[in-house]
Structures are given as structure tokens and as C-alpha cells.
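In: take this sequence and fold it.
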Amino acid sequence: MIEHLVTSGTFSLDGGTWEVDNNVWIVGDDREVVLIDPAHDADAVAAQVADRRVTAIVCTHAHDDHVNQAPELSQRFGAPVLLNPDEAPLWELTHPDRLPDEELRDGQVLSVAGTELRVLVTPGHSPGSTCLHAPELGVVFTGDTLFRGGPGATGRSWSSFDDIIASIRGTLLALPAETTVHTGHGESTTIGAEAPHLEEWIARGC
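Out: So this is what the prediction gives:
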């Protein structure tokens, strides 16, 4: 079971602040779930979870619009916050007095309700940006690494265009073409729909 919730708030970095809508993804069943990037509105996320057990709160990266409610939800549900350690500089901007609980490492497998989520570390949008691939469900949760229409932004601190292209080319486009891509913002897509456009993205440097 995959559930989708959109929450709204702001993203701030490098002295700028922007209004954003974020995709919150919930994977599990009627007993237990994993929360992926539960942003902005802890009450809305908690209402969606209801009385189910939260086994983990997974942050695909540590930009504030993806982690601002992670500690609050961790306290509410008694669930650990998981984040790649290379995201530490960004995490500390939002939560200087509270560390994540566990590290996300490439190749790690998280299990919830009989479903395996495979950790794919895909640096570029940020140093430790991470995707979650659920082969049995035919989906990958890409955070801000890959969107419908192109890669995530790399024009801000702690980002790299070359790295994100390498991550998409070497990791995400290696997944089956029919894999559904559930993104951090905006509409979902598929690997097959995005793969033909890689060289176009490189040519225009976006």
C-alpha cells in the first residue's frame, strides 16, 4: 500500500525562501508504515497515519522542507529518523540540537509490512540524497533527485550538477523502464519516460 499526502510550507537556503508543496509518501499496510519525507504539517501526517505503528521516518535529504517535521513526528510515534550521514551540514541548519537516529547507507534494505525498500544513495541535489526502491511494488521514491521532466536543482550550496547526472545515469536509469517514479514535489513519472531525455538535460545544464 502506498499513500500520498501533499503538504505546503516553505523551503529556505542560501538566504532565500520559497513557497513549496511537498509530496509525503506512506508505505505499509493497516498495521505499520514507513513515512518518507513527512514535511510541513505534522498534524496532517499524523491524521493520515492514524493508529498505525510507524517503523521509520526516512528523509531522502535534509533540505528544511523535507525534514522540518521529522523530530516532532519521531517523538509522537516513537519512530527513528533515518538520514544519510553526508546530509549532516544541511540537517544542522534546521535541527542543530537534535541528530538523526540512524544512518541510511547504500544497499541497505528497510522492511515494512512485508515490503522491502532498498536504499539507493544518489548524491547531487545534496551530498547524501537518497532514493528508496521497492522492486515488488515497481516504484522508486526519488526525493528531489529525479522529477517528471528532469533532475533536481543543483544551483545551491552543497549541490553538484555533475554528481546528480552521474547518480541518475548510473543508478536510477538502471532500474526497469516501467518503474514508477514518486517524486518529492509534483507529479509522478516513470524511468522509461525520463531516460530518453538524459542527454538533453546535460546539454542545457539543468
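
In: how about residue 75, secondary structure?
Out: Of the three states, residue 75 takes helix under DSSP: H, G, I helix; E, B strand; the rest coil.

In: ok, the one 4 residues further on next?
Out: Residue 79 carries the three-state label coil when classified by three-state DSSP.

In: how many residues are close by it?
Out: A count of nearby residues for residue 79, using other C-beta atoms under 10 Å, gives 21. C-betas here are computed from N, CA, C, even on glycine.

In: ok now do the closest residue to residue 108 other than its chain neighbours, which residues does it touch?
Out: Nearest in space to residue 108, with sequence neighbours left out and distances taken as C-beta to C-beta, 6 or more residues apart in numbering, is residue 119 at 4.1 Å. Residue 119 sits next to 104-110, 130-132 when contact means C-beta atoms under 8 Å, 6 or more residues apart in numbering.

In: list phi and psi for the nearest residue in space to residue 107 that is not next to it in sequence.
Out: With sequence-adjacent residues excluded and distances taken as C-beta to C-beta, 6+ apart, residue 107 is closest to residue 119, at 6.5 Å. In terms of degrees, to the nearest 10, the main-chain angles of residue 119 are phi -80, psi 120.

In: in TSV, list the contacts of residue 119 along with secondary structure, neighbour count and distance to residue 200.
Out: As requested, the contacts of residue 119 are arranged in TSV below (DSSP: H, G, I helix; E, B strand; the rest coil; neighbours: other C-beta atoms under 10 Å; distance: C-beta to C-beta, whole Å):
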residue	secondary structure	neighbour count	distance to residue 200
104	coil	23	30
105	coil	13	32
106	coil	13	28
107	coil	8	30
108	coil	17	32
109	strand	9	34
110	strand	19	34
130	strand	27	25
131	strand	26	21
132	strand	24	26
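
In: nothing else from me, thank you.
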